[in-house]
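# Have a look; sequence and predicted model below, questions after that.
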Amino acid sequence: MGEYQAVLERSRRDPSGFWLEAAEAISWHRPPTTALDAERAPFYGWFPDGELNTSYNALDRHVEAGRGGLAALVYDSPVTGSSRTYTYADLRDEVARCAGALAGLGVVKGDRVVIYMPMVPEAVIAMLACARLGAVHSVVFGGFAPKELAIRIDDSEPKIVVTASCGIEPHRLVEYKPIIDEALRTTRHQPHSVVVLQREQSRAQLTPRDRDWLELMAAAEPADPVPVASCDPLYILYTSGTTGQPKGVVRDNGGHAVALAWSMRHVYDIRAGDVWWAASDIGWVVGHSYIVYAPLLVGATTVLYEGKPVGTPDAGAFWRVIAEHRVEALFTAPTALRVIKREDPYGELLAGHDLSRFTTLFVAGERLDPETLRWANDLLDVPVLDHWWQTETGWAIAANLRGIEPMPVKAGSATVPVPGFDVHIVDEGGEPVPTGTEGAIVIRLPLPPGALLTLWNDDERYIDSYLSTYPGSYITGDSGYLDEDGYLFVMGRMDDVINVAGHRLSTGAMEEVLAAHHAVAECAVIGVPDSLKGQVPRGLVVLKAGVRIEEGVLRDELVASVRREIGPVAAFRDVAVVEALPKTRSGKILRRTMRGIAAGNDEALPATIDDPSALDAVAAVLRATP
């Protein structure tokens, strides 16, 4: 770890010099002379005297440098049977025209625009158009329920809402306009206009307040980029809160651009002209950071995929996209891999796809269990690299830094802390724990460029949620440990550490054991109340497609495995087979909701749930199991 260690030490010894040097990769309207504004702590600001425009950095500067003919955005939509490629010049022109259209509706620097759209190029164009004007976008995942959309509209108070007539799922259409209308019937705040992209699969009925996207674009004059202060907000992205009120994470312009450009080169080893695919959604942080902004900031080609890992049409969809568009690196969630593995455990659908350009598979979002790592590694014969980050951080906290020094993979580890993130493991009192001991993962302040500035209109909640538990540190809410080589093992949310008869045990470690069984496609372990031991673990497993095994036999084998690998202290005796695990639309298993159901609580349906029927089925199992 010689080169990595040198970069890490420099980032800690001279953070100002380190990040001012990184800022040279960005085109500034007024270059910064100061790296960190520490006087406003804990509301730190990066490059406070700098001015720039993020949209200009993502598009115009590449065109001006003679790279306007290179592919910027490749849209691949198996649900509509269409695809489209935008060059940097094409995308610059579309974004400038969209910015002009928004300006014609009265949008100016500092205004908010809510974007509620499917995975279509116009969604990316709208995001970049807001950035071009210095307006603040807030993307809400297309298909969110009216109540959740209304909460976000009332909190961000947008001047404009941009939407589409519908989203397209593998087996159904989701009409967006009725959702928008229902949400606006309940909101205190009313936007001036709703801009609607009409899709041929289902056209919406427009009201006097609604404006047609194509008509606005046809009449619009292109708008020039508006310089903004580095610390001015670029976007608000809402993440779930424990109170039920979502938290509006605020991201800045300057720190965000610097961090993402640095990460593409040093974490992912992606540069101008490379083809990159983040298989996520623009409604999530991965979509913001690594579908839209980061690849365009470095001049790469980014793939926008309107489809699923399976079902559009089958479990070979990812391999088709990689081959067809000559993708060099893919970023996806472990859940996507597990779904593909379940449907096609032997990788038969990989046959016939030329993946010769494909070099690296990055995963994040859920912990990558060793069995899924082994399966993907054997199937694809490329490095499969787990890394770990959060909506709040905006980019990787820990990773295998391919652009600095590729490192050996340790199953179950996200590898090492990324320069800029000062990661520590502490006990309940905030004291450091010995190497190899599990504890709370915290990051010493200040957070690096690209991390959240605060929560929208709620500085107090920002401090209470993230900074008050361990003064001087940001609490990640995850538990884990650092080994003797400095590798970070993230074991799961702090809520997923259970107390069995006084022994603190990680459900993530138990899940590793279950996932290693030849019949198991994916699994979850939750802690449930027990009158004798306080808590005991309960397992839920999904079988691989085509596997036949008696449930009693499987249960005995899994219980024996946990007893052998974790120990009798785990008291693991209860495991059930289910058809599917309930998840969010981003692929995270709803462990907290399942814990509440198992405890007998009346759990509300999460706003981000992907398939409510999966939760209903699991809930029946949890309530029926003693």
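Now that the structure is in, tell me what you want to look at. Numbers count the residues shown, from 1 in each chain.

# which residue sits farthest out from the middle of the protein?
Leu532 (39.1 Å; Cα atoms, centre = their mean).

# Can you give me the distance of that residue to Thr507?
19 Å (Cβ to Cβ, to the nearest Å). Any C-beta I mention is one placed from the backbone N, CA and C, and that applies to glycine too.

# returning to that earlier point: the residue farthest from the centre of the chain in helix, strand or coil?
coil (DSSP: H, G, I helix; E, B strand; the rest coil).

# repeat for the one 4 residues further on
Under three-state DSSP, Val536 falls in the strand class.

# Can you point out the buried residues in the helix or strand that contains Val553?
Using DSSP states H and E, Val553 maps to helix 551-565. For helix 551-565, the neighbour count (16 or more other Cβ atoms under 10 Å) marks 554-555, 558-559, 561-563 as buried.

# Ok, stretch 335-355 next?
Of the residues in stretch 335-355, those buried (16+ other Cβ under 10 Å) are 335-345, 347, 349-350, 353, 355.

# min pLDDT across those, which one?
Within those, Thr335 has the lowest pLDDT, namely 84.

# Which element, helix or strand, includes that one?
Thr335 belongs to helix 334-343 when elements are defined using DSSP H and E.

# for Ala103, same thing?
Judged by DSSP H and E, Ala103 forms part of helix 88-104.

# so Leu214 sits right up against Glu200, yeah?
No: here Leu214 does not reach Glu200: they are 11.7 Å apart, not a contact under Cβ atoms under 8 Å.

# Mind checking which of these two has more residues around it?
Leu214 (11 against 8; other Cβ atoms under 10 Å).

# can I assume the more buried one sits in a helix?
Yes: using three-state DSSP, the assignment for Leu214 is a helix.

# show me the contacts for it.
197-198 (Cβ atoms under 8 Å, 6 or more residues apart in numbering).

# Look up how far Ala607 lies from it.
For Leu214, the distance to Ala607 - Cβ to Cβ - is 31 Å.

# My understanding was that Leu349 contacts Pro313; is that so?
No: counting by Cβ under 8 Å, Pro313 is not a contact partner of Leu349; they are 10.2 Å apart.

# For the protein, give me the ranges with low pLDDT.
Within the chain, the ranges that satisfy pLDDT under 70 run 1, 241-244, 495-497, 501-504, 625-626.

# Would you mind giving the domain segments of it?
2-307+387-480, 501-624 (automatic domain parsing).

# for those, which one ends up most surrounded?
domain 2-307+387-480 (a mean of 20; mean count of other Cβ atoms under 10 Å).

# So what's the gap between it and the chain middle?
10 Å (Cα atoms, centre = their mean, to the nearest Å).

# Surely Ala440 is within a strand?
Yes: judged by three-state DSSP, Ala440 forms part of a strand.

# Can you tell me who it pairs with across the strands?
Val426, Ser479 (DSSP bridges).

# Contacts only, for it.
425-428, 470, 475-476, 478-479, 494.

# try Trp388
364, 396-399, 414, 478, 488, 490.

# ok, Tyr268 to Gln190 distance?
Taking Cβ to Cβ, one finds Tyr268 at 42 Å from Gln190.

# To clarify, my last question referred to Glu550.
59 Å.

# I'd like to know which of the buried residues of stretch 335-355 is nearest to Cys523.
Using Cβ to Cβ, the shortest approach to Cys523 within these belongs to Arg338, at 9.1 Å.

# Distance of Leu237 relative to Gly66?
For Leu237 relative to Gly66 (Cβ to Cβ), the value is 34 Å.

# Actually, Trp389.
Per Cβ to Cβ, Trp389 is found 34 Å from Gly66.

# Is Val327 in a helix, a strand, or coil?
coil.

# doesn't Val303 make contact with it?
Yes: Val327 is in contact with Val303 according to Cβ under 8 Å; the separation is 6.4 Å.

# can you list residues touching both of these two?
Shared contacts of Val327 and Val303 (Cβ under 8 Å, 6+ apart): 275-277, 321.

# which two from these end up farthest apart in space?
Farthest-apart pair in the shared contacts of Val327 and Val303 is Trp276 and Val321; separation 12.0 Å (Cβ to Cβ).

# Now do the strands in the stretch 251-400 of the chain.
275-278, 301-305, 329-332, 360-363, 384-386, 398-399 (DSSP state E, counting those that start in this stretch).

# Name the helix or strand for Ser613, please.
Using DSSP H and E, Ser613 falls in helix 612-624.

# other SSEs contacting that helix?
Where contact means 3 or more Cβ pairs under 8 Å, 6 or more residues apart in numbering; DSSP states H and E, helix 612-624 is packed against strand 534-543, helix 591-598.

# Let me know the distance separating Ala294 from Val303.
Applying Cβ to Cβ to Ala294 and Val303 gives a distance of 13 Å.

# no wait, Thr454
From Thr454 over to Val303 (counting by Cβ to Cβ), the distance is 32 Å.

# Dig out what the nearest residue to Thr608 once chain neighbours are set aside forms beta bridges with.
Nearest residue to Thr608 in three dimensions, chain neighbours excluded: Thr584, at 4.0 Å (Cβ to Cβ, 6 or more residues apart in numbering). Thr584 has the following beta-bridge partners by DSSP bridges: Ile609.

# which one of the domains of the chain lies closest to Glu371?
The nearest among these, by Cβ to Cβ, is domain 501-624 at 4.4 Å.

# That closest one: how far from the chain's middle?
Here the centre of domain 501-624 is set off from its chain's centre by 24 Å, with Cα atoms, centre = their mean.

# just stretch 366-378 next, same as before
Counting by Cα atoms, centre = their mean, stretch 366-378 comes out at 19 Å from the chain centroid.

# can you offset everything so residue one is 505?
Understood, numbering begins at 505; the last thing we discussed is stretch 870-882.

# who touches it?
837-839, 841-842, 845, 849, 865, 887-888, 890, 913, 915-916, 994-996, 1012, 1015-1016, 1019-1020, 1024, 1091-1093.

# try 7 Å
837-839, 841-842, 845, 865, 888, 890, 915-916, 994, 996, 1012, 1015-1016, 1019-1020, 1091-1093 (Cβ atoms under 7 Å, 6 or more residues apart in numbering).

# now do stretch 960-974
546-547, 659-660, 740, 751-752, 754, 930, 934, 946, 958-959, 978-979.

# Relative to Thr690, which of those residues is nearest.
Using Cβ to Cβ, these come closest to Thr690 at Asp659, 13.4 Å.

# ok, for that closest one, nearest residue in space, not its chain neighbours?
Nearest non-adjacent residue to Asp659 (Cβ to Cβ, 6+ apart): Gly752, at 5.9 Å.

# In a strand, the one you found, correct?
Yes: counting by three-state DSSP, Gly752 falls inside a strand.

# isn't it right up against Ile657?
No: with contacts counted by Cβ atoms under 7 Å, Gly752 stays clear of Ile657, the gap being 11.6 Å.
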